[in-house]
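Trainee: sequence and predicted structure below; questions after.
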Amino acid sequence: MLCERSQFVLQGLKCRRTFVTVSKAAEKVFSDTSSAAFLAAAGNLNSVPQLHVTGRANVGKSTLFNAVLGRKTLLHTSSKAGRTRELNFYRVGKDPGKLVLVDAPGYGARGKREWGELFDGYLETRKQLRRVYILFNAKHGLNETDTSMLQHLSQYLISKEGTQPFTLQSVITKVDLVPSNQVAAAIAQIKKDIFAAAPLCLPPILTSCEMDPAFGIETLRKNIAEACELA
Ligand SMILES: Nc1nc2c(ncn2[C@@H]2O[C@H](COP(=O)(O)OP(=O)(O)OP(=O)(O)O)[C@@H](O)[C@H]2O)c(=O)[nH]1
Ligand SMILES: [Mg+2]
């Protein structure tokens with residue numbers, strides 16, 4: 001199932017081959033963790049693929065992408081919702097970089113209206129955008145705002161010409177917060193809710209940054225390399 005959906009999204013790439021090359025590619029892209037850097041301006045990055053991270057405030061966006069970049073504090077995190085207040089661009093690898101991660105403010109009750117407008121403008125205009133990662137808290141599941149965001153993002157997934165400008169990948173965070181005997185049911189419910197709201201959204205990658213070692217990071221790195229077609 002995952003295979004078929006990946007194949008669809010990658011427009012015909014052979015699955016087995018994709019996973020082999022992607023695995024090596026992910027190793028290469030993320031091997032030099034010291035070279036990840038915050039970019040104040042994104043003007044000179046027109047040829048570098050970009051990935052966008054979204055999710056409700058406090059879901060763990062910045063923490064998860066620190067883990068992906070192999071850094072503890074590059075992206076600012078906080079126990080208080082609303083820490084990230086603008087679109088922040090991070091280069092992966094030495095200048096000019098292999099790809100750029102864009103960390104965004106959280107949406108939801110504590111998100112602000114203008115953050116939404118900023119996000120939409122970005123989705124509509126950013127040609128280099130390859131994949132949007134939407135994160136859900138394993139313990140909280142999806143609420144109405146999450147469902148609305150999935151439906152909203154779905155509108156951008158297929159253009160009028162029938163092409164797919166970018167793909168949408170779901171990620172479940174904070175799996176450690178769900179008691180082990182309830183994990184399977186919680187994940188099944190989240191998958192069902194994601195599919196109901198956005199059938200084109202790729203099935204979730206499970207993660208936890210509180211486990212030692214953090215869980216799901218390699219899978220996410222491979223997924224990123226795949227999205228950017230880095231061989
Ligand atoms: N238990 C647990 N806590 C986590 C995990 N990931 C992040 N957190 C905690 O969740 C809180 C919010 O993390 P952030 O990464 O700042 O969340 P965010 O989605 O970037 O938040 P905003 O920028 O405010 O939208 C912090 O206290 C993190 O330590 C996880 O996997 N498990
Ligand atoms: Mg944040």
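Mentor: Thanks, I have the structure now. Ligands and ions are numbered 1, 2, ... in the order given.
Trainee: in the chain, which residue is most central in space?
Mentor: residue 133 (2.3 Å; CA atoms, centre = their mean).
Trainee: that one and residue 51 touch, don't they?
Mentor: Yes: proximity of residue 133 to residue 51 meets the contact threshold set by CB atoms under 8 Å, at 6.6 Å. For every residue, glycine as well, the C-beta is placed using N, CA and C.
Trainee: sorry, back to before: the residue nearest to the centre of the chain falls within a helix, correct?
Mentor: No: counting by DSSP: H, G, I helix; E, B strand; the rest coil, residue 133 is not part of a helix but strand.
Trainee: report pLDDT for it.
Mentor: Per-residue confidence at residue 133 stands at 97 (pLDDT).
Trainee: how about it, what does it touch?
Mentor: By CB atoms under 8 Å, 6 or more residues apart in numbering, residue 133 lies in contact with 51-55, 169-171.
Trainee: filter the residues you listed down to the ones in strands?
Mentor: 51-55, 169-171 (DSSP state E).
Trainee: from those residues, list just the buried residues.
Mentor: 51-55, 169-171 (16 or more other CB atoms under 10 Å).
Trainee: now residue 62: closest residue in space, sequence neighbours ignored.
Mentor: Nearest non-adjacent residue to residue 62, counting by CB to CB, 6 or more residues apart in numbering: residue 75, 3.9 Å away.
Trainee: so the one you found: helix, strand or coil?
Mentor: Strictly by three-state DSSP, residue 75 counts as coil.
Trainee: surely it meets residue 103?
Mentor: Yes: between residue 75 and residue 103 there is a contact under CB under 8 Å: 5.3 Å.
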